[in-house]
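**Student:** Need the 3D shape of this:
(one chain, ligands or ions: 1)
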Amino acid sequence: MDLGLKEKVVLISGGASGIGEATVRLLAAEGARVTIADRNSSAGRALASELTNAGAHVLFCEGDLTREDACRAAVTDTLQKWGRLDILVNNAGVNDGVGLERPPADFLASIHLNLFHVFALTHFAREALCQSQGAVVNVSSKVSVTGQGKTSGYAAAKGGVNALTREWAVAFAPHNVRVNCVVPAECDTPQYENWFQSLPDPAAARAAIESLVPLGRRLTRADELAATIAFLASPRAAHITGQLLFVDGGYTHLDRAVSVSHQKWG
Ligand SMILES: NC(=O)c1ccc[n+]([C@@H]2O[C@H](COP(=O)([O-])OP(=O)(O)OC[C@H]3O[C@@H](n4cnc5c(N)ncnc54)[C@H](O)[C@@H]3O)[C@@H](O)[C@H]2O)c1
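**Tutor:** Numbering: from 1, shown residues only. All right, here's what the predicted structure looks like:
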């Protein structure tokens, strides 16, 4: 199926690594024109030049998206370079582990880290998206619906991402702009690997989590998230809006008491 993404213009926050990087690679391969907005200058530059050298159309826009001027610049640089904006992927995020014991100022900083740029980028992109009758795809986390116990700021911010997906689906609907959200749970990315490496026995921790994933007993791959993001962003999803789609091998919703011990038939 042709996703119809050729020459669409896409802005991806956090596109230099993990799920964002996989999405950049996929959309570039589909013929889209892609802006990577990321604070990781070396990874962002390297990815953009690798893909550009291979014939793709990719712009790297360096900036810390906790800053309003960086969010504005990511949108204006995209419009200047490509002349339009069809798709915004709000992917950047960090599970920073700010729990209930931390001072309220840390909580606010955590919300700022994970939610501010989602609003700011969408705010600055709104007119261009209306003009192109485009799409927004947000990236949330299963923590927004299950909790994690030690990460109040991240949980609240990702809950906010879920809520804004619905809010903006309503706000943008008269303009024929769609807003959807993918929800990863346990996805094999550099951020996730860093967390494993912070534990006393990374291999055992990985095996324990993998054993809880009903589909395949493995972590989700970043390219599996990317494929879902690309579909939701594409004209093939023309009548889908306001949806939260869990791409997690059944980890969040299936009955664990049954699925952990469940064996194949026969
Ligand atoms: N990996 C998982 O299992 C998992 C689970 C649930 C949710 N998520 C969400 O998926 C998204 C992508 O995560 P990932 O695992 O690919 O992470 P990652 O760390 O591999 O990549 C995230 C990218 O975002 C960039 N970034 C983060 N904050 C930024 C900021 N303020 N300004 C500019 N760039 C910024 C980083 O530099 C990095 O390149 C995040 O929103 C994360 O919360 C991931």
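**Student:** How many residues are close by Ala28?
**Tutor:** Neighbours of Ala28 under the rule other C-beta atoms under 10 Å: 24. For every residue, glycine as well, the C-beta is placed using N, CA and C.
**Student:** can you list the residues of the stretch 51-200 of the chain near the ligand?
**Tutor:** Residues of the stretch 51-200 of the chain lying close to the ligand by C-beta under 6 Å from any ligand atom are 64-66, 91-95, 117, 139, 141, 184-187, 189-192.
**Student:** So which of these sit within strands?
**Tutor:** 139, 184, 187 (DSSP state E).
**Student:** For the closest residue to the first one other than its chain neighbours, which residues are in contact?
**Tutor:** The one in question is Val139. The shortest distance from Val139 to any non-neighbouring residue, by C-beta to C-beta, 6 or more residues apart in numbering, is to Asn91 (4.3 Å). If you count contacts by C-beta atoms under 8 Å, 6 or more residues apart in numbering, Asn91 has them with 12-15, 19-20, 23, 139, 229.
**Student:** Flag the shaky bits of the stretch 1-150 of the chain, pLDDT-wise.
**Tutor:** Applying pLDDT under 70 to the stretch 1-150 of the chain picks out no residues at all.
**Student:** The closest residue to Arg221 other than its chain neighbours: neighbouring residues, count only.
**Tutor:** Leaving out its chain neighbours, the residue that sits closest to Arg221 by C-beta to C-beta, 6+ apart is Asp188, at 5.9 Å. Burial of Asp188 is recorded as 18 neighbouring residues (other C-beta under 10 Å).
**Student:** swap in Thr76?
**Tutor:** Residues near Thr76, counting by other C-beta under 10 Å: 13.
**Student:** mind checking how far it is from the ligand?
**Tutor:** 16 Å (C-beta to the nearest ligand atom, to the nearest Å).
**Student:** For Gln131, what is the enclosing helix or strand?
**Tutor:** helix 117-132 (DSSP states H and E).
**Student:** Report the buried residues of that helix.
**Tutor:** Of the residues in helix 117-132, those with enough neighbours to count as buried (16 or more other C-beta atoms under 10 Å) are 117-118, 120-122, 124-126, 128-129, 132.
**Student:** which of the residues you listed lies closest to Ala156?
**Tutor:** Each of those was checked against Ala156 using C-beta to C-beta; the closest is Val118, at 12.6 Å.
**Student:** what bridges to the spatially closest residue to the closest one that is not a sequence neighbour?
**Tutor:** Leaving aside its sequence neighbours, Val118 sits nearest to Asn90 (C-beta to C-beta, 6+ apart; 4.5 Å). In this entry, Asn90 is beta-bridged to Asn138, by DSSP bridges.
**Student:** ok, the residue in the stretch 51-200 of the chain that the ligand sits nearest to - contacts?
**Tutor:** Per C-beta to the nearest ligand atom, Gly93 is where the stretch 51-200 of the chain lies closest to the ligand, at 2.3 Å. Residues near Gly93 by C-beta under 8 Å, 6+ apart: 14, 114, 139, 141, 154, 157-158.
**Student:** Among these, which lie within helices?
**Tutor:** 154, 157-158 (DSSP state H).
**Student:** what about Ile19, which helix or strand?
**Tutor:** Per DSSP H and E: helix 18-29 holds Ile19.
**Student:** sorry, back to before: tell me the one among the buried residues of helix 117-132 nearest to Phe246.
**Tutor:** Val118 (18.5 Å).
**Student:** so what's that closest one up against?
**Tutor:** 90, 138, 160-161, 164.
**Student:** Let's see that with 10 Å instead.
**Tutor:** 13, 65, 71, 88, 90-93, 136, 138-140, 157-158, 160-161, 164-165, 168 (C-beta atoms under 10 Å, 6 or more residues apart in numbering).
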